[in-house]
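Enquirer: The following comprises the amino acid sequence and a computationally predicted model.
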Amino acid sequence: MPTVDRRQFLKLAAALGATLASGCVPVRPSSSGWRERRDLYPQGVASGDPDEQSVLLWTRRPYADGRKSATLLVEIADDPAFTRVIATTAVRVLPESDWTCRVLVADLQPAREYWYRFVDEDGSGSRIGRTLTAPAPDDSQPARFAFVSCQCLPEGAMNAYRKMIFEDERAAPEERIGFVLHLGDFIYEVVQYPDQVKNGRYDRKLTFPIKYPKGKVVAKNRFWVPDSLEDYRVAYKAYLLDPDLQDARARWPFVCIWDNHEISWNGWQSIQEFAGTDGWVPAQTLKVAGNQAWFEYQPARVLPPGSKLDTFNAPPVVDTLVKDFDDTGLGTEANNLAAINSLIIYRALRWGRHIDLILTDQRSFRSRDPGNHDEINPLFEGDTLGFVPEELWAQLDAGRDYANGHPPAKLSFGDKSVANYRAAEAAQTMLGAKQKAWFLERLRGAKATWKIWGTSLGTPDQRVDPQNLPAALGKWPDGAGFGLMATYDWGGTYHERAEIFDAVRDAGITGFAIVAGDRHSFWAGYAAKALPPAAFEPVGVTFVGGSISSVGSAEANEHNFKKDDPQRPLYVANINGGPPQPTMNLLLRHGVRSALEYARSGDHEKARAVSNPDLAPHLSFVDVGGHGYATVRVDANTMVTEFVCIPRPIARSPGTDGGPLRYRVRHEVSLWRAGERPQMRQTVVEGDAGLAV
């Protein structure tokens, strides 16, 4: 953000629903009489979205005595003992905002460390939080941040945060993390109650920290989901009782976007879809409620239309079936538009000379999933493999734009065919027209060394080569070519992804990097719009971080593929009766023959020797069983991304270090010139990455 005067900060604070505090006051010791009472601030404190001269602060101080408001004092100091208080202000908390508050602290110094705390009228204080401001846009010092995603409280522990804190506290000051980028699924709105769970889930013994005051049952009584604003608030309050998550928010500023579970499992725009439920569930009221709860509990620099200073200005909406869509797939029903526009979270952040971070929303404006149509089902009757032919998906994704405007009349797989129901429809969009135009403009105008796209959904293709399967494992039709293991994210949004990557190429953009979440696994590789036999032309690098705690494919495969299933070796191997190993890593990176060879011999070198070179030149690392976090360090010449992988987080680590590491793997990329291909160098720094490398 460019330098702005105090009047502009006042306007910004009001738009953000925040109180303004200024650092332009005489420095003095604290006189608040603060006495720490963490029990009165049960969700702790947090900060978010820093720029070079301001940062948002957050806390929640609930009252149960029937009062209609309360006043807190916030103190900001440049020392942890608060002997040098540089700003104070009074902030109201209201039941209408679930007793949460947001304070924009302005007139700060760039690249500085600050401490803050809240105090009520009785002197009872919150815990102390630490935050940092961004370096000035011309600051050439190296910069470092972490990125995380997918923390399911009922089914796992947040040991990754404890590990991150432990390592950061012991790092040299210049090597410490500047902010934490949270790429979505901060909460999981789908929860289970004890009567819905018989034996836990996979390796997990589930806990039950959330009980919705209202809620509704979905997916044939498999899950409860929110059915009111208070339900969403209950989820956030439960998550923020976790000590490791709370400590992380008190140590670093967070920069957050949402994925699906902050609002709805299979939701898009303001529409919900649930397994076992026929048709779409109109959910404009719940989209607004989910947006409001996110706004109340995340200190994000977002601008709700017409927001009041103290409360979210929720538009009045009615749940109405969305029937009409414009040419880009955006539902034109008035309540749908009001709901999705009630909070806009796509935004950009500058961090010194080396980072332009551009964040996008993949859920609010996306068009309907082109594969989620009953018309396609006859093609897959009797199929046992579960892969989607790559060419078939390209036809579904591109719609009328396929083959430069010449889509086929029929969609075919093997000897089956159906009418091409996508032939007259526009290509799938994840961003929607307005957000995409904004994104491409920001990307072309980015001036920092590294242009980093933060997206909740991963971009690498999840490709397999079932044409190499032995007949005993399943029949892949002749001529069907490569298949896709999954199509739901950017890895299957070919047309729009190509539009973005072509814009990078055509503008001569260098230092283009993508960081993503959602897959519950670690991926590293190259950003390319197409794979062999088409031309492979990388324009950047791409990374996906493992989940904080949510179950990954490796764990699910160990339980879902039984020992006598002939397809199990493609996904899991138990060499000489030993522990399960994820051959799925080899399947995705090297192909069918590699996975089967390792399952047979247990020899990694033999498995790599039969790798299919045309399958995945875009991948350099895949671990479908990875939990933990990733860090990024950039300077004028190099980007280094480290995957910090921890053991399966089934229970909370008892120590202060977050428990042991599985591995630490470094991916180093030198800045390339326009027209050159990026080159990634990989080093296993610590531990054993197994079949991921």
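Expert: Looks like it arrived, so ask away. Numbers count the residues shown, from 1 in each chain.
Enquirer: A573 is in contact with N585, isn't it?
Expert: No: taking contacts as Cβ atoms under 8 Å, A573 lies outside contact range of N585: 10.6 Å. C-beta here means a position set from N, CA and C on the backbone, and glycine is covered the same way.
Enquirer: So for these two, which sits in the more crowded spot?
Expert: A count of neighbours by other Cβ atoms under 10 Å puts N585 above the other of A573 and N585, at 29 against 24.
Enquirer: How is that one assigned, secondary-structure-wise?
Expert: Three-state assignment for N585 (DSSP: H, G, I helix; E, B strand; the rest coil): helix.
Enquirer: Which residue, neighbours along the chain excluded, lies closest to it?
Expert: For N585, ignoring the flanking residues on the chain, the nearest one in space by Cβ to Cβ, 6 or more residues apart in numbering is L691 at 4.3 Å.
Enquirer: Just list the residues touching L392, thanks.
Expert: By Cβ atoms under 8 Å, 6 or more residues apart in numbering, the contact set of L392 is L379, L411, S412, F413.
Enquirer: Tell me where this structure has helices.
Expert: 6-15, 159-169, 229-239, 243-251, 284-297, 334-340, 390-398, 433-445, 494-506, 553-560, 568-571, 584-589, 592-601, 604-609 (DSSP state H).
Enquirer: ok so, going back, can you pick the most crowded of the contacts of L392?
Expert: Once you tally neighbours by other Cβ under 10 Å, L411 ends up highest among the contacts of L392, having 23 neighbours.
Enquirer: Where does pLDDT dip in the stretch 301-450 of the chain?
Expert: Judged by pLDDT under 70, the stretch 301-450 of the chain has no weakly predicted residues.
Enquirer: all strands for it, in order.
Expert: Along the stretch 301-450 of the chain, the segments classed as strands by DSSP state E, counting those that start in this stretch run 347-351, 355-359, 388-389, 410-413, 416-419, 450-457.
Enquirer: The stretch 51-200 of the chain too?
Expert: 55-60, 70-77, 85-93, 100-106, 113-119, 124-125, 129-132, 143-148, 180-182.
Enquirer: tilt between the longest one and strand 55-60?
Expert: Using axes from the mean of the first three to the mean of the last three Cα atoms, to 10 degrees, the inter-axis angle of strand 85-93 relative to strand 55-60 is 50 degrees.
Enquirer: could you say what helices and strands strand 85-93 packs with?
Expert: Helices and strands touching strand 85-93, by 3 or more Cβ pairs under 8 Å, 6 or more residues apart in numbering; DSSP states H and E, are strand 19-22, strand 70-77, strand 100-106.
Enquirer: Over to the fifth one?
Expert: In this structure, strand 113-119 makes packing contacts with strand 45-48, strand 55-60, strand 70-77, strand 100-106, strand 124-125, strand 129-132, judged by 3+ Cβ pairs under 8 Å, 6+ apart.
Enquirer: swap in the shortest one?
Expert: With contacts taken as 3+ Cβ pairs under 8 Å, 6+ apart, strand 124-125 sits against strand 35-36, strand 113-119.
Enquirer: Is it correct that S553 is in contact with M584?
Expert: Yes: with contact defined as Cβ under 8 Å, S553 and M584 form a contacting pair (6.2 Å).
Enquirer: More neighbours: which of those two?
Expert: Set S553 next to M584 and count neighbours by other Cβ under 10 Å: M584 wins out with 25 against 21.
Enquirer: what's the closest non-adjacent residue to the more buried one?
Expert: Going by Cβ to Cβ, 6+ apart, M584 has Y571 as its nearest residue, at 4.5 Å.
Enquirer: quick revisit: please identify the most buried of the helices and strands packed on strand 124-125.
Expert: Among the helices and strands packed on strand 124-125, strand 113-119 has the highest mean neighbour count (mean count of other Cβ atoms under 10 Å), at a mean of 23.
Enquirer: picking up where we left off before, T384 is nearest to which of the helices and strands packed on strand 124-125?
Expert: Proximity to T384 (Cβ to Cβ) singles out strand 113-119 among these, at 57.1 Å.
Enquirer: Alpha carbons only: can I get that closest one in PDB?
Expert: Taking C-alpha atoms only, strand 113-119 is exported to PDB below (Å, rounded to 0.1, in the frame of the first residue of the first chain):
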ATOM      1  CA  GLU A 113       8.600  -6.000  15.400                       C
ATOM      2  CA  TYR A 114       5.800  -4.800  17.700                       C
ATOM      3  CA  TRP A 115       3.900  -6.200  20.600                       C
ATOM      4  CA  TYR A 116       0.200  -5.600  21.500                       C
ATOM      5  CA  ARG A 117      -2.400  -6.500  24.100                       C
ATOM      6  CA  PHE A 118      -6.000  -5.700  25.000                       C
ATOM      7  CA  VAL A 119      -7.200  -4.500  28.500                       C
END
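Enquirer: Thanks a lot, catch you later.
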